[in-house]
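In: Generate coordinates for the sequence data below:
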Amino acid sequence: MSTYYYSRISGWGMYAPERVLTNAELAAMVDTSDEWIRSRTGISERRIAAANETTVDMSLPAARAAIARAGITPADLDLIILATSSPDYVCPPASSLLQDRLGAGKIGAFTLVAGCSGFVYGLAVAAQFVQTGMLRHVLVVGAEKVSYAVDWEDRNTNVLFGDGAGAVVVSRSDTPGGLQSMVLGSDGADWDALIVPGIGSAQSITHEGLDRKDHKLKMDGKRVFKFATRAMTDAVVQMVSNAGLSMADIDWLLPHQANDRIIDLALRRLGFPREKTVINLDRYGNTSAASVPLALCEALDDGRIQPGDTLCMIAFGAGLTYAGCVWEWQPERVSEEPILISNWPVPESLQSAAQQVRSGMWRMQVQARAKASDAAMAVMLPLYAFRKGVKKRLGR
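Out: Purely as a prediction, here's the structure:
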């Protein structure tokens, strides 16, 4: 008889570099100000890794904390997934370096590259392994040293990014909860909207490329903003509906910490309260794949997230990619007996026709709010462009 398990986050941990880079310091480097950065991004400061501090260096303390919190040892792990776009080397994979330094034994380890969406991708993959019973404990790490690829003379990117690492252990359990639904997506048509063009097989490293700073991060902010606001809204609607829920059933929203304007627009479209949204980008900036796990760890450590809470995690990033999941938080100590497929407990919300109607009505409301905001933006953007042109002509 086939059996099935629930997935559970049994341990978590995070790491942030000691160096704090404030907006005031950036204002001394490029033509910007603290007010300009905060009003456009919501960021006040970010953490920057030391010159000799690598992505694996940051992953290690976060992973160790997650393993200790789970009450296991590195030897108990069955698989390591390291989500990053800033590995220590192009080759070998950073995941193997982490596996060795943890002393985890010769288990499977792979690096997952999905931009800022990487950790949520990894969480979805880990859940599949433990829910099918193939593995017991999977370590998922989201870690980035984005600062190494930032052009510190480019105000378009240098005010946004920071470094850090977050990790969780996903374990199998027979206690209801864990992953309820997920959405994984990609839109490669905008592949060059967020790119480091000069490192990879598409372009050899040359003196000319270095002079053009092709080894540094390039971003088309308008395209990324347009994609992010739509992808966040659409993905949340899809995964919450797939779980048989509406936003009224979500206790905490954990969005990718990219830009406060993106988060604010998504919240307005979803009709979701800011006070139930975990936001820490004011202190960390955009840490790419480390963004969601850093927010998750802080909300767990300060007691905001409690057993029984339903979480909605959503991220977007280079690719362009997006990923989200609905996760029911369980108690820290649960049992591990399998459930017969024939006896699988179907959530009551999925059995209720009334719940399905409620979800449908909520989706229609979100779509209406999105159309209204798109119409407003279509009207306002020409006015902003006109105002900017007038200021330029007047020399302001």
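In: Please count neighbours and contacts with C-alpha atoms only from this point.
Out: Will do.
In: where exactly do the strands run in the stretch 251-396 of the chain?
Out: Using DSSP state E, counting those that start in this stretch, the strands of the stretch 251-396 of the chain run over 252-255, 310-317, 321-328, 339-340.
In: Please tabulate the ones you listed in a markdown table, including the columns mean neighbour count and mean pLDDT.
Out: What follows is these, written out as a markdown table (neighbours: other C-alpha atoms under 10 Å; pLDDT from 0 to 100):
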| stretch | mean neighbour count | mean pLDDT |
| --- | --- | --- |
| strand 252-255 | 24 | 98 |
| strand 310-317 | 26 | 97 |
| strand 321-328 | 26 | 97 |
| strand 339-340 | 15 | 51 |
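In: so which of those strands gets nearest L217?
Out: strand 310-317 (12.9 Å; C-alpha to C-alpha).
In: List the neighbouring strands of the closest one plus their orientation.
Out: Sheet partners assigned to strand 310-317 using DSSP bridges are listed as strand 252-255 (parallel), strand 321-328 (antiparallel).
In: residues in contact with G103?
Out: P74, A75 (C-alpha atoms under 8 Å, 6 or more residues apart in numbering).
In: can you rerun that using 7 Å?
Out: P74 (C-alpha atoms under 7 Å, 6 or more residues apart in numbering).
In: which residues of the stretch 51-200 of the chain fall in helices?
Out: Along the stretch 51-200 of the chain, the segments classed as helices by DSSP state H, counting those that start in this stretch run 55-69, 94-102, 118-131, 155-158.
In: Quick check: M182 touching G324?
Out: Yes - in terms of C-alpha atoms under 7 Å, M182 counts as a neighbour of G324; the distance is 5.6 Å.
In: re the thing from before, mind putting the strands paired with strand 310-317 in JSON lines, distance to M14 included?
Out: Converted to JSON lines, the strands paired with strand 310-317 look like this (distance: least, C-alpha to C-alpha, whole Å):
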{"stretch": "strand 252-255", "distance to M14": "16"}
{"stretch": "strand 321-328", "distance to M14": "19"}
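In: Figure out which of these is closest to Q131.
Out: Of all the strands paired with strand 310-317, strand 321-328 comes closest under C-alpha to C-alpha, at 13.4 Å.
In: Not counting residues beside it along the chain, what's closest to V292?
Out: H256 (5.6 Å; C-alpha to C-alpha, 6 or more residues apart in numbering).
In: which strands and helices sit next to the host helix or strand of R38?
Out: Counting by DSSP states H and E, the element that carries R38 is helix 34-41. Packing partners of helix 34-41 (3 or more C-alpha pairs under 7 Å, 6 or more residues apart in numbering; DSSP states H and E): helix 23-27, helix 260-270.
In: returning to that earlier point: and the residue nearest to V292, what does it touch?
Out: Counting by C-alpha under 7 Å, 6+ apart, H256 makes contact with S291, V292, I314, A315, F316.
In: at 8 Å instead, please
Out: Counting by C-alpha under 8 Å, 6+ apart, H256 makes contact with C116, N286, S288, S291, V292, M313, I314, A315, F316.
In: now do R38
Out: S44.
In: and what of V168?
Out: I9, S10, G11, W12, G13, A63, A66, I67, L139, V140, V141, P293.
In: a markdown table for these, including distance to Q131, neighbour count and pLDDT?
Out: Shown next, in a markdown table, are the contacts of V168 (distance: C-alpha to C-alpha, whole Å; neighbours: other C-alpha atoms under 10 Å; pLDDT from 0 to 100):
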| residue | distance to Q131 | neighbour count | pLDDT |
| --- | --- | --- | --- |
| I9 | 12 | 28 | 97 |
| S10 | 14 | 25 | 97 |
| G11 | 17 | 23 | 97 |
| W12 | 19 | 29 | 98 |
| G13 | 22 | 28 | 98 |
| A63 | 21 | 30 | 98 |
| A66 | 20 | 28 | 98 |
| I67 | 19 | 26 | 98 |
| L139 | 15 | 28 | 98 |
| V140 | 15 | 31 | 98 |
| V141 | 19 | 37 | 98 |
| P293 | 21 | 28 | 98 |
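In: thinking again about what came up before, need the next SSE after the helix holding R38, C-terminal direction.
Out: Assigned by DSSP H and E, the successor of helix 34-41 is strand 45-48.
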